[in-house]
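Participant: Sequence plus predicted model, see below.
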Amino acid sequence: MAFRNTFLLLRHGHSLANERGLIISSPEVGLDQFGLSDRGRDQIVDCVNRHRGRLRSVARIYSSDYLRTMETTRIVADRFGVPFETSPLLRERFFGVWDGKNNSHYETVWKHDLIDPGNTIGDVESVQAVADRMSKLVRSLDDEASDQTFLLVSHGDPLQIMVAVASGIDLRFHRSQRPIETGQLRVLNEAEGRDEDSDRVTG
């Protein structure tokens, strides 16, 4: 997928849900609970300091409206004075019956994804549905501007899926890519697995 603009992807910092090993994917909970942990705030501050050159070029930030992404976004926006908007298109993937349960259940969902990207077993939001909504926002922004840099702040699965779309990877294999860790910045239209520093790869 070719872009007229640069899209930076930032996964929210380590959250209280990560700390407790929970899947928090419903807006009923995620919008105002389970924000960043102390570790998560430190991750985002470190990210800002490491990537300040790239982040200074950001024209606008678009963020999931969940608490953990909003707290992440505010750290970046306050540092660089960049305007931001929220978009439900960037929300966490909904994990259905596994919402609120131990995060070991991610593996259960991902096994079904490998069979069918339209998987909705257990009322899970399908990979295809996530790909469609993430792509809708990216395409809209790319159509409206050129030679701009946008920062998209979202969650693990949605970002992995968007990278798969941009790279032309079969959506069944969205988890085969190098994971985007909490607090990690990645450039959507650069080589998979690398952060924005050409000589550094985050783990």
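Facilitator: Looks like it arrived, so ask away.

Participant: Quick one: classify Arg186 as helix, strand or coil.
Facilitator: strand (DSSP: H, G, I helix; E, B strand; the rest coil).

Participant: pLDDT score for it?
Facilitator: Predicted confidence (pLDDT) for Arg186: 96.

Participant: And for Glu196?
Facilitator: For Glu196, pLDDT reads 45.

Participant: for the chain, what's the longest helix?
Facilitator: Identified as the longest helix of the chain according to DSSP state H is helix 127-144.

Participant: now that helix: how far from the chain's centre is it?
Facilitator: With CA atoms, centre = their mean, to the nearest Å as the basis, helix 127-144 stands 13 Å off its chain's centre.

Participant: ditto for stretch 176-189
Facilitator: Distance, stretch centre to chain centre, for stretch 176-189: 8 Å (CA atoms, centre = their mean).

Participant: isn't Val165 right next to Arg133, touching?
Facilitator: No: using CB atoms under 8 Å, Val165 is not in contact with Arg133; the gap is 11.0 Å. All C-beta atoms are positioned from the backbone trio N, CA, C, and that covers glycine.

Participant: which residues do those two both contact?
Facilitator: By CB atoms under 8 Å, 6 or more residues apart in numbering, Val165 and Arg133 have no common neighbours.

Participant: ok, residues contacting stretch 87-94?
Facilitator: 24-27, 30, 62-66, 69, 123-125, 130, 133-134, 136-137, 152-155, 157-158, 161.

Participant: which parts of that stretch are buried?
Facilitator: Neighbour-count burial for stretch 87-94, counted by 16 or more other CB atoms under 10 Å, picks out 87, 89-94.

Participant: re the thing from before, so what does the longest helix of the chain touch, helix or strand wise?
Facilitator: Of the remaining helices and strands, those touching helix 127-144 by 3 or more CB pairs under 8 Å, 6 or more residues apart in numbering; DSSP states H and E are strand 6-11, strand 149-154, helix 156-167.

Participant: out of those, nearest to Asn18?
Facilitator: Ranking those by proximity to Asn18 (CB to CB) places helix 156-167 first, at 9.7 Å.

Participant: The residue nearest to Arg93 when sequence neighbours are not counted and Leu55: what is the separation?
Facilitator: Excluding the flanking residues, the one nearest Arg93 by CB to CB, 6 or more residues apart in numbering is Asp157, at 4.2 Å. Asp157 is 24 Å from Leu55, where distance means CB to CB, to the nearest Å.
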